[in-house]
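Chemist: With the sequence up front, the predicted model follows.
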Amino acid sequence: MTSMTNIRIIDTATRELETPAFFPVHNGGKGGEGNTPRYWEMIPDMNTMMINAYSIYSSPLYEKMGEGGLHDKYSNNGVFFVDSGGFQQKNHDLTLDPIEMLRVQENVGADIAATLDLPVFAKDCIYNQKYSDAVKISVKNALIALDNREREDMLIYASLQGNDPIMMMNTIDYLKKRGNFDGFAIGGCISKRSDYHAIIDIIHAVRKRIGDLPLHVFGLGGPTMIPLMVYMGADTFDSSAFLKAGSKRLYYMPGNGSIEFSDIPETTYLPCTCPICSIHPYEEVRSERKLIGMHNLWMITHEIRKLKMAIEENEVEQYLEKRFMNSPAMYEAFRYAKAKKRGLV
Amino acid sequence: MNNLNIVTSKKDYTIFGLNANPFPYSGIPEQVPDIYVGQQEVMDKVSNVLSSVISTGQSNHLILTGSYGNGKSHTLKYIQAQIRDQFCENSVLKPVTGYVAQPGESFWDIYRDFIYDLGSTYLRECSREYIAKVSEELSKNGKIEEDIEPGMGWRAVERGKVLLSDIVPQAYVLLSELTKYPDFSRAFLNLAYEENAYTSWEWLSGEAIEYSRRRELHLTSNITANHAQRAFIALKTTLEQINHSPVIMLIDEFEFIETLQARTKQNMLNSLRHLIDVNPTGLSVIIACAPEVWETLVAEYHAFSDRIAKEANLKPLDKHSVTYMVTEYLNTCRTAPSDSIEPFTEESIQRIFIEGNGNARRIITICGQAIDEALLHEMKCVDLGVFEGIDEI
């Protein structure tokens, strides 16, 4: 039987990646700098990056990058997950070529590439033809990518779209019948990020269907969501929320949600011992969004560490029980997740 | 102090050549009755009505009257069992029978009982059959790339040969055009899947589901008393698409409507009249009712009673039928079937016939008590002596 909560090793072209693993979203920007702090130089556990193929392709970065690709540009030992640009496709009403995006992913030296999808939103339903067409395009693109891959060492994850477990499961069956994907990635979760039951249902269904293959969840990666997703069987996840939260001066509190920095009374000691909060004074952290972003990333790192310890000790449920005790909504979600895993709901 | 003395060991009926007491103590009908005796005339009438519906497709209805204990419920359940036996899984014709234990207060109650009797497993299979049928049609018409052999539609979906996103929107549109009830179509299609089946079933069976759960399946409103007729017609129309037709509705204890207030009773009868009127094809309603109540309905509500074309009356059992029935029950607990009435004697059967007054339920109850009494007194057969020990029969 496949255990849903595991530490797995994903064998990438660069190195072995131990899961659960978080891929901070790098926002690229002109010249590839953007406003993402160089976190990989400071957080040893976080030598991973999620970057977008379409963003790279549509910026001077692609030309500048040269043969060394992302590894030369950012980190030689980093594991790079290159998303396709499906979200941009939907938001900017573009039609991207799946093979062109695949080539970008290959050229920049992606370790993991997600196939070009066409995201669906939470309000879309299976009975809507437009929604169904989006799912079909995502499926077709996934198969095109697999047929046209030129780099065998780049892992290809099929991007799954759909608002319900049924659609996801059928899509997986369809794809598995036609190709050997290295993993699967669930898309469209951002729009239903506060609908914990829906997220739980989908991850649960997908994990059951894909067996031991790696499972990524796009766009979700807060310190409270991560443990729940890992519990349901997700291996990797990405998010830019840590940085966006920094821009809004939202500070992840150690072990318990987030707080607006302005709500923290001016103090000599910030309520955290991460390298950011240990070295920088209150005023400095408050005024610098990158510092809050980095602090937030440390909190995610800390969360994943604790989670890995719990997995190793086979005490994930006990850990989550304590972890969510002070958060009624998350605790309820955890109870639902527990019941789901036991086949009671 | 008096204590309960509950004996847990099983009684040994082998002395009578039986492995158990064949007669149910309470004389209630079996869920799937095997034995049916002495009502050939009734069976002929029921056969005529159902044959006409099944062969011509024209709706036809029947009232089944009979005094308490004469076997109305038993007859309805026997009809249901017989139809299920005769039109088994591989049959081309698949009549749908649902038993309604009591009419309740409105057609909503009838609808719910009917759906419950059909069961979630059956309806889920129907949902899968419908999706399979649409898959096969889309394949046949070249609307999808994949070739699907006839009869392999659901397997193609389950094994990922076809994409649900290719099938379901089409299935939904086609079904909604037919049913004119989009919510029903959504719930019915969702039944096919494990993840949504429970909520779909709850909705289809008329349970009130809160908005947040309905929203998951994009269901706008619950089936209420106002929607029950519409839901039933949508169900019938849907089932017809997969050749599950006609729909045979068996309503028991119709005399219950006499306990309703005049307005409620009128509404109920109007609902049934309306149901009959809007379903000129593919429907058979068989109603079991105490004769005195039916006579009142005929006199006072002829707009309703006129629509029931035929009446069959359950008569008390005659001596020959009683003997036959006792033998049939005994055979259910014998190692080898026999025509013998042993351990009963001719005299005891005669006594049972007289005491039972031809009432099947009462006769069964007496027989059950008589066998236990004979066993208790270590008698070798159930003769007249047994009846001395039964205080009240």
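Modeler: Noted; the coordinates are in hand.
Chemist: phi, psi of the most centrally placed residue in chain B?
Modeler: Among the residues of chain B, residue B:99 comes closest to the average C-alpha position under C-alpha atoms, centre = their mean, at 2.8 Å. Here is the backbone geometry of residue B:99 (degrees, to the nearest 10): phi -100, psi 130.
Chemist: Could you measure from the residue nearest to residue B:92 when sequence neighbours are not counted over to residue B:187?
Modeler: With C-beta to C-beta, 6 or more residues apart in numbering or on different chains as the measure, residue B:243 is the residue that lies nearest to residue B:92, at 7.2 Å, once sequence neighbours are left out. The way it works is simple: take the backbone N, C-alpha and C, and place the C-beta from them, glycine included. With distances taken as C-beta to C-beta, to the nearest Å, residue B:243 is found 21 Å from residue B:187.
Chemist: Between these two, which is the more surrounded one?
Modeler: Ranked by neighbour count (other C-beta atoms under 10 Å in any protein chain shown), residue B:243 and residue B:187 place residue B:187 first, with 28 against 12.
Chemist: Which SSE is immediately downstream of the host helix or strand of the more buried one?
Modeler: In this assignment (DSSP states H and E), residue B:187 forms part of helix B:182-190. Counting by DSSP H and E, the next helix or strand C-terminal to helix B:182-190 is helix B:194-204.
Chemist: Output that next one as PDB, nothing but the C-alphas.
Modeler: What follows is the C-alpha trace of helix B:194-204 in PDB, where atoms were taken according to Å, rounded to 0.1, in the frame of the first residue of the first chain:
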ATOM      1  CA  GLU B 194     -17.400   7.800  -5.600                       C
ATOM      2  CA  GLU B 195     -16.400  11.200  -4.500                       C
ATOM      3  CA  ASN B 196     -19.700  12.900  -5.100                       C
ATOM      4  CA  ALA B 197     -22.100  10.000  -4.900                       C
ATOM      5  CA  TYR B 198     -23.000  10.500  -1.300                       C
ATOM      6  CA  THR B 199     -24.100  14.100  -1.700                       C
ATOM      7  CA  SER B 200     -25.800  13.400  -5.000                       C
ATOM      8  CA  TRP B 201     -27.700  10.500  -3.500                       C
ATOM      9  CA  GLU B 202     -28.800  12.600  -0.500                       C
ATOM     10  CA  TRP B 203     -30.000  15.300  -2.900                       C
ATOM     11  CA  LEU B 204     -31.800  12.900  -5.200                       C
END
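Chemist: Let me see the mean pLDDT of it.
Modeler: With pLDDT averaged residue by residue, helix B:194-204 scores 85.
Chemist: Measure how it sits relative to helix B:182-190, angle-wise.
Modeler: On the basis of axes from the mean of the first three to the mean of the last three C-alpha atoms, to 10 degrees, helix B:194-204 is oriented at 140 degrees to helix B:182-190.
Chemist: show me the contacts for the spatially closest residue to residue B:201 that is not a sequence neighbour.
Modeler: What sits nearest to residue B:201 in space, not counting adjacent residues and going by C-beta to C-beta, 6+ apart, is residue B:120, at 4.3 Å. When contacts are counted by C-beta atoms under 8 Å, 6 or more residues apart in numbering or on different chains, residue B:120 is found next to B:191, B:197, B:201, B:205.
Chemist: Those into TSV, with extra columns for neighbour count?
Modeler: Converted to TSV, the contacts of residue B:120 look like this (neighbours: other C-beta atoms under 10 Å in any protein chain shown):
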residue	neighbour count
B:191	24
B:197	18
B:201	20
B:205	20
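Chemist: Name the nearest of these relative to chain A.
Modeler: Lowest distance from chain A to the contacts of residue B:120 (C-beta to the nearest C-beta) belongs to residue B:197, with 10.0 Å.
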